[in-house]
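Student: quick one: sequence and predicted model below, then my questions.
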Amino acid sequence: MVDSAIIFSSALILRAFMQERYTPQSVERDAQGYWDGSGSFRVTEDPARPKYYCLSMFPYPSGKLHMGHVRNYTIGDVLTRFYRMRGYNVLQPMGWDAFGLPAENAAMANKVPPAKWTYDNIAYMRSQLKSLGFAIDWTRELATCSPQYYKWNQWLFVRLFKKGLAYKKTGVVNWDPVDQTVLANEQVIDGRGWRTGAVVEKREIPMYFLRISAYAEELLSALDGMGGWPEQVKLMQKNWIGKSEGVRFGFPYELAGEKKLLNVFTTRADTIMGVTFCAVAAEHPLALHAAKGNPKLAAFIEECRQGAVIEAEMAQQEKKGMATGLTVTHPLSGEQVPVWVGNYVLMSYGDGAVMGVPAHDERDYEFAQKYGLAIRPVIRHPAGDTVPAPWKPEYAEYGTCINSGKYDGLDFKAAVSAVAADLKAKGLGDKHVQWRLRDWGISRQRYWGCPVPIIHCKDCGDVPVPEKDLPVVLPEDLVPDGTGNPLAKLPSFYECMCPSCGKPARRETDTMDTFVDSSWYFSRYACPDNSGAMVDDRARYWMPVDQYIGGIEHAILHLLYSRFFARVMRDESLLDISEPFTNLLTQGMVLAELYYHDSAEGRREWINPADVTVERDAKGRPVAAKRASDGAAVVAAGIGTMSKSKNNGVDPQALIEKYGADTARFFIIFASPPTQSLEWSDEGVEGSFRFLKRVWAYAANFGRAGAARPAPALLKATRFEIHTVLKQATYDLGKHQFNTVASAAMKILNALEKLQDSASDEAREGLSILLRLLSPITPHICHHLWRELGFGADVLAAPWPEPDPAALEQDEIEYVVQVGGKTRGNLRAPKSADRAALEALATASALVQKYVAGQAIRKIVIVPGRLINIVV
RNA sequence: GCCGGAAUGGCGGAAUUGGUAGACGCAGCGGACUCAAAAUCCGCCGACUAAUCAUCGUAAGGGUUCGAGUCCCUUUUCCGGCACCA
């Protein structure tokens, strides 16, 4: 039956007043005014309804929205509105990740304090977000640069400091020797400072760390239970945490008469008898000691210190090493083993030293070949007992021990156990679990961030700022000049009294990594107005976030830090949960075409795709491209992420002004599924606009006098079509495949248009389904038409449409007919036909007769309701 | 370099668990309306072919299966992350 509840006879009268032309600007202004006026998106805790906390990653206020933001928030809004229509109490908040480097860069460029730049940007971007019509509860807005917010960063830091979960040690940073300042990785270009061009050096400085390693085991094991996260992200986190089980042991040596151990960790203790050298990092104490009397080695270590701390760059540089001249004693054989310095050994992993087994490790093999070190095979691997050059992957495989004395004949597991036991007996080592995950260094030698609440006292050491003195407020009127942190030059900030002894002391001038701000903001949205606590009971109601949406680029750091913070807050009795995000959707990038033009002087100029005219051949294939302004030939350089440097960005604002927010939203949803990259297309936007105009025109003409009533068979077929599409669309929404939901809306309109403006019950029902299906994607036009056609006062309050099983009933089913696995045609059969009937029907058909052509039928495969395959 | 993804017509994409490859849209081509244009509407639209049939066709190569875009192995290219961009 047709859903009569939504059929409303007054619709025809209302319709007479409706404009023929779709004018998105006025429609959207009115709808947004209605939502604002009625507080449609303000929510409070409601134990009677299931809650749904839908969160998109908050933006950095960089100046204006980019298409990636629009995409992110449109996806979140579709989910928000969809769940709302299904009866959930839905929270969708918004805020600003407002501390960070770009504000300092802008400040330097424009001589304006980062605070002013940031607040101006927030004001503009807020207005942009509002013009997109997102169902956001704006009463919960927060900015991480406000003292009311970052006070709680500081408060939590102090708690962790007292617990030992925050602590001080040295860390390595990129140092610009000209500007005398620490550089972020992105400020290092080809190993040089971005402003000075000076070769960057590594420098060790004291910093504060958060002991995320204390939660490594839990962060790893909990991944298994996180069904709502993409496998891909969980796998990346698992590899990042990097649990490896092996043996940690020491090579004894003597230094100035003192007995010491060179500690290493290995997952291949079974190869220990194949050790022919040890390699240590350039920063390793042993290397530094050896360099004292060895100028060549000192020069090599200096060379290793050149360049940035960026691991990707270090991993790609040529493997180099130099002998220290020192030796250590093999703990089991007693042989002397030479110690080398290797630029590929990372001080930050394990003990900053590795044992070298060139026969069974590719990196060690290369190193030994290059420097003429001994290669001693000790494993019988699938390619034999020897390891002739070149390196083969088989050399690294597990096998039984050979040339290993008492361990000969043992397999991997037995050998590792035996070696570990022997090392333990000698007091030199044991089995050990090693993590790749390092503690989180949160100190930044920068101004525009949350001050680290520590006071340095000559007598009392590092003293946390007392709770009553929080927040340590960041002055908002400074302008950095690129030569270090302005806070460190501001006595009024750093001069203070020691809270413990009352004597003059110096305030810490480092600020916190902005990832600290973003690791708990989602909990604060529940209670942003609470000035007395970090979070309260409202956070217990709303947390965890049911659906989190953001870029895949955050798969590891932000998401891992947030998982860590949730546990820290749990252990501080602030939250009841361990996992902050139940379901995670990682959206793809937004891409656009790239065009450039090389000038006569050889300068490459990137041309915005909007300024390019493409010539096509008769089949629509592009053959040439020209700059619209002067006809100059431009080169099509494929597609890439929208960026300033490649000048291929599309401004959301221009789009909204030209077509309206609904068109922008529709195109973004329609163009590709949320998790895949989205390729921008101006023609595609035109097509989306055309579709909304058609929806409008259909509604405006709906039930127009004089339309003939279609034949009953057409009505029935149309209703079948619409309900089939609806069923599919609801399924697609469940798996977050919104692009096909948009397609479904198009299919429904196509079907309705075939009814030629008839105001039949079937058409009215179809239209009400169309508007409800579309309302999460294009809420403004649906809001307007829903009211205008008299379906109700507010489409937000309408229930999600359900497919009617009766409409999906069919008397006949169309089967695909294959012969020998090749599709040959279709066959209609009664719904009731059983297997035998289908076989008889198929074998008797002319279609099958033609292709079987006298061959023996070996068997018949039947997929119920779908397919018949005659195997010959 | 290491870790994680992706690849389907001229283009974006669809194909529920292995079951009619190309839904829906864009571009293109043809037509209607118009003095004309825009807008709108109708039709065609993977390759090969005059057209039909047939054949081929989901990055490349191999395999499993009655049947593979989908599963397995190898390779190529592109994208994300690599701890101070956010």
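Tutor: Ah, there it is. Residues are numbered from 1 along each chain as shown, chains lettered A, B, ... in the order given.
Student: CA atoms for contacts and neighbours, from now on please.
Tutor: Noted.
Student: ranges for the strands of the stretch 401-550 of chain A?
Tutor: Here the stretch 401-550 of chain A has its strands, by DSSP state E, counting those that start in this stretch, at A:429-435, A:440-441, A:443-444, A:454-457, A:461-464, A:495-497, A:504-507, A:511-512, A:545-551.
Student: residue nearest the centroid of chain A?
Tutor: residue A:552 (2.4 Å; C-alpha atoms, centre = their mean).
Student: please identify the helix or strand for residue A:344.
Tutor: Assigned by DSSP states H and E, residue A:344 falls within no helix or strand.
Student: can you tell me how far it is from residue A:269?
Tutor: As for residue A:344, its distance to residue A:269 is 20 Å (criterion: C-alpha to C-alpha, to the nearest Å).
Student: between these two, which one's more packed in?
Tutor: Neighbours of residue A:344 and residue A:269, each counted by other C-alpha atoms under 10 Å, are more numerous for residue A:269; the result is 24 against 21.
Student: residues in contact with that one?
Tutor: Listed by C-alpha atoms under 8 Å, 6 or more residues apart in numbering, the contact set of residue A:269 reads A:246, A:247, A:415, A:416, A:419, A:420.
Student: RNA strand B next: which of these are close?
Tutor: Here nothing survives when these are matched to RNA strand B using C-alpha under 7 Å from any atom of the strand.
Student: which of these are buried? Put it as a ChimeraX command.
Tutor: Here is the ChimeraX command that selects the buried residues among the contacts of residue A:269 (16 or more other C-alpha atoms under 10 Å):
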select /A:246,247,415,416,419,420
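Student: what's the spacing between the longest helix along chain A and its chain's center?
Tutor: Longest helix in chain A, counting residues (DSSP state H): helix A:712-734. Centre-to-centre, helix A:712-734 and its host chain are 35 Å apart (C-alpha atoms, centre = their mean, to the nearest Å).
Student: beyond it, next helix or strand please.
Tutor: Moving toward the C-terminus from helix A:712-734, the next helix or strand (DSSP H and E) is helix A:738-753.
Student: does anything pack onto that following helix? Which helices or strands?
Tutor: On a contact count with 3 or more C-alpha pairs under 8 Å, 6 or more residues apart in numbering; DSSP states H and E, helix A:738-753 meets helix A:661-671, helix A:682-701, helix A:712-734, helix A:761-774.
Student: what average pLDDT does the second one get?
Tutor: It refers to helix A:682-701. Averaging pLDDT along helix A:682-701 yields 93.
Student: for the longest strand along chain A, list every residue counted as buried.
Tutor: The residue-count maximum for a strand in chain A (DSSP state E) belongs to strand A:243-255. Buried residues in strand A:243-255, counting neighbours by 16+ other C-alpha under 10 Å, are found at A:243, A:246, A:247, A:248, A:249, A:250, A:251, A:252, A:253.
Student: go on, stretch A:678-690?
Tutor: Here stretch A:678-690 shows A:678, A:679, A:680, A:681, A:685, A:688, A:689 as buried, counting by 16+ other C-alpha under 10 Å.
Student: is stretch A:859-872 in proximity to RNA strand B?
Tutor: Yes - when contact is scored as C-alpha under 7 Å from any atom of the strand, part of stretch A:859-872 falls within range of RNA strand B: A:861, A:862, A:863, A:866, A:867, A:869, A:871.
Student: surely the residue nearest to the centre of chain A meets residue A:590?
Tutor: No - if you go by C-alpha atoms under 8 Å, residue A:552 and residue A:590 don't touch, sitting 11.9 Å apart.
Student: can you redo the strands of the stretch 401-550 of chain A as CSV with mean neighbour count?
Tutor: Output for the strands of the stretch 401-550 of chain A, formatted as CSV (neighbours: other C-alpha atoms under 10 Å):
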stretch, mean neighbour count
strand A:429-435, 19
strand A:440-441, 19
strand A:443-444, 24
strand A:454-457, 22
strand A:461-464, 19
strand A:495-497, 16
strand A:504-507, 21
strand A:511-512, 24
strand A:545-551, 21
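Student: please name whichever of those strands is nearest to RNA strand B.
Tutor: strand A:443-444 (4.6 Å; C-alpha to the nearest atom of the strand).
Student: which residues does that closest one contact?
Tutor: Residues contacting strand A:443-444 (C-alpha under 8 Å, 6+ apart): A:207, A:208, A:209, A:452, A:510, A:511, A:512, A:513.
Student: keep those residues, but drop any that are not near RNA strand B.
Tutor: Within the contacts of strand A:443-444, those near RNA strand B by C-alpha under 7 Å from any atom of the strand are residue A:513.
Student: which member of the contacts of strand A:443-444 is positioned nearest residue A:750?
Tutor: Relative to residue A:750, the closest of the contacts of strand A:443-444 is residue A:513; by C-alpha to C-alpha it sits at 52.7 Å.
Student: ok, the closest one - contacts?
Tutor: Going by C-alpha under 8 Å, 6+ apart, the list of residues near residue A:513 reads A:442, A:443, A:444, A:449.
Student: adding pLDDT, write those out as TSV.
Tutor: Listed next are the contacts of residue A:513 as TSV, based on pLDDT from 0 to 100:
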residue	pLDDT
A:442	97
A:443	97
A:444	96
A:449	97
